[in-house]
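J.: Whatever this is, show me its structure:
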Amino acid sequence: MLTAPTFPSIEDAYVALLQLATKEPEHRIDARGNTAREVIGASFRLSDPRQRLPYLAERKANPVFQFAEALWYLSGRRDLDMIGYYAPSMRASSTDSTHLGGSAYGYTLFHQADGHRSPFDLVVELLRNEPDSKRGYLPVFSSAELADRSNPDVACLAGLHLLPRGNHLHMVCNMRANDLDCGLLSDVFSFTVIQEYAAIQLGLSLGTYTHTIGSAHVNDRNAERVRRVLEEAARGPAVTYAFPPMPEDTDAATIERLMVHEEALRTNELRYNALHIHNRLDLHPYWQQAVMLFELYRQIQHDQVKAVDPALMHALDPGLRWLMVRKWPACAAAVDGGAR
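T.: Residues are numbered from 1 along each chain as shown. A predicted model of the protein is given here:
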């Protein structure tokens with residue numbers, strides 16, 4: 001029986017897919033002005049979906065954006081104000097400079113329209129009553145998105161399939177397309193967070209995560225960075241960190257509290273230090289880490305400091321600290337005088 005190749009972390013899957021698409025491409029494509037090398041029908045499985053961050057210095061993954069995007073999805077939003085602050089390039093995909101369309105996956109999955117339950121809520125209810133159901137599918141891509149050929153924001157995510165089996169919640173993600181260098185990492189981070197959140201709501205342990213892609217591609221404009229990443233990976237893993245489990249009491253109210261702090265920091269209405277976050281916020285230490293990232297980003301964006309608060313950097317989980325040091329010079333400057 002054939003199954004998707006299994007990897008222990010997203011870093012391993014990411015490197016394997018980059019190697020496949022760059023060294024053994026099936027096609028050369030030029031879709032919407034983006035020349036790329038492509039493999040059709042790629043897939044992989046993560047045995048531990050919590051290992052959702054890559055520790056590759058050349059890739060410089062951005063945990064601030066990844067937490068922000070995951071929370072943007074979980075809160076069912078589509079506003080550009082929030083996500084555009086963390087990823088200004090996404091503003092180009094908005095047709096009204098206010099909202100995003102197809103890429104606002106959380107709005108499709110979690111938004112409660114006209115007081116009705118969200119699609120996510122309906123699927124969770126279904127799976128509570130039918131644990132072995134095959135119907136726990138959350139569609140995102142809609143053919144209606146293709147009606148306007150000039151639409152700049154068609155959903156790349158086709159849908160998420162939640163599959164409780166035994167005492168574990170497995171998930172299969174179906175992508176119509178994935179930019180392997182730019183989009184894959186943030187997609188897998190957010191979707192595995194959604195999977196873990198769903199597992200908690202169902203009282204299940206976290207199962208495997210399977211990611212399937214119709215068009216798996218690497219754009220030519222990113223070829224140089226991809227080359228450097230593959231060279232680094234070939235030298236062997238330099239570091240690895242375990243990502244902690246999401247607290248078992250995480251629910252919609254938790255996400256709402258988090259978003260209050262996120263907005264206050266994004267709009268520069270408040271500023272926090274490590275002691276305030278630890279002692280005065282009604283949040284589990286797991287979620288305090290997200291607030292610390294948002295405060296560090298506030299210091300970089302609003303205060304424009306040359307070095308962020310060293311105490312906050314020290315309070316970060318080691319893996320997040322490693323990533324922040326390599327992503328932001330102001331974070332590197334706060335850690336041992338910039339030593340890495």
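J.: make it CA atoms for all contacts and neighbour counts henceforth
T.: OK.
J.: where in the stretch 151-300 of the chain is pLDDT low?
T.: For the stretch 151-300 of the chain, applying pLDDT under 70 flags no range at all.
J.: Strands of that one, start to end?
T.: In chain order, the stretch 151-300 of the chain shows strands spanning 157-165, 168-179, 205-219, with DSSP state E, counting those that start in this stretch as the criterion.
J.: export those to a markdown table and tack on distance to E130 and mean neighbour count?
T.: Converted to a markdown table, the strands of the stretch 151-300 of the chain look like this (distance: least, C-alpha to C-alpha, whole Å; neighbours: other C-alpha atoms under 10 Å):
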| stretch | distance to E130 | mean neighbour count |
| --- | --- | --- |
| strand 157-165 | 9 | 21 |
| strand 168-179 | 13 | 21 |
| strand 205-219 | 17 | 22 |
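J.: Turn these into a markdown table, including distance to G41.
T.: Putting the strands of the stretch 151-300 of the chain into a markdown table (distance: least, C-alpha to C-alpha, whole Å) gives the following:
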| stretch | distance to G41 |
| --- | --- |
| strand 157-165 | 14 |
| strand 168-179 | 9 |
| strand 205-219 | 5 |
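J.: out of these, nearest to I300?
T.: The minimum distance between I300 and the strands of the stretch 151-300 of the chain falls on strand 168-179, with 27.8 Å, by C-alpha to C-alpha.
J.: Now the closest one - C-alpha only, PDB.
T.: What follows is the C-alpha trace of strand 168-179 in PDB, where atoms were taken according to Å, rounded to 0.1, in the frame of the first residue of the first chain:
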ATOM      1  CA  HIS A 168      -6.200  10.600  17.900                       C
ATOM      2  CA  LEU A 169      -7.200  13.400  15.500                       C
ATOM      3  CA  HIS A 170      -5.500  13.000  12.100                       C
ATOM      4  CA  MET A 171      -5.800  15.700   9.400                       C
ATOM      5  CA  VAL A 172      -5.400  15.700   5.700                       C
ATOM      6  CA  CYS A 173      -4.800  19.100   4.000                       C
ATOM      7  CA  ASN A 174      -5.600  19.400   0.300                       C
ATOM      8  CA  MET A 175      -3.800  22.300  -1.500                       C
ATOM      9  CA  ARG A 176      -4.600  23.200  -5.100                       C
ATOM     10  CA  ALA A 177      -1.100  24.800  -5.200                       C
ATOM     11  CA  ASN A 178       1.800  25.500  -2.900                       C
ATOM     12  CA  ASP A 179       4.800  27.800  -3.300                       C
END
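J.: ok, that strand: who's next to it in the sheet?
T.: With DSSP bridges as the test, strand 168-179 is paired with strand 157-165 (antiparallel), strand 205-219 (parallel).
J.: contacting residues around the first one?
T.: Yep, that's strand 157-165 we're talking about. For strand 157-165, the external contacting residues (C-alpha atoms under 8 Å, 6 or more residues apart in numbering) are 103, 105, 127, 131-134, 136-142, 169-177, 195, 204.
J.: likewise stretch 238-248?
T.: The contact list for stretch 238-248 (C-alpha under 8 Å, 6+ apart) reads R50, Q51, R52, L53, Y55, E196, Y197, I200, H284, Y286, P318, G319.
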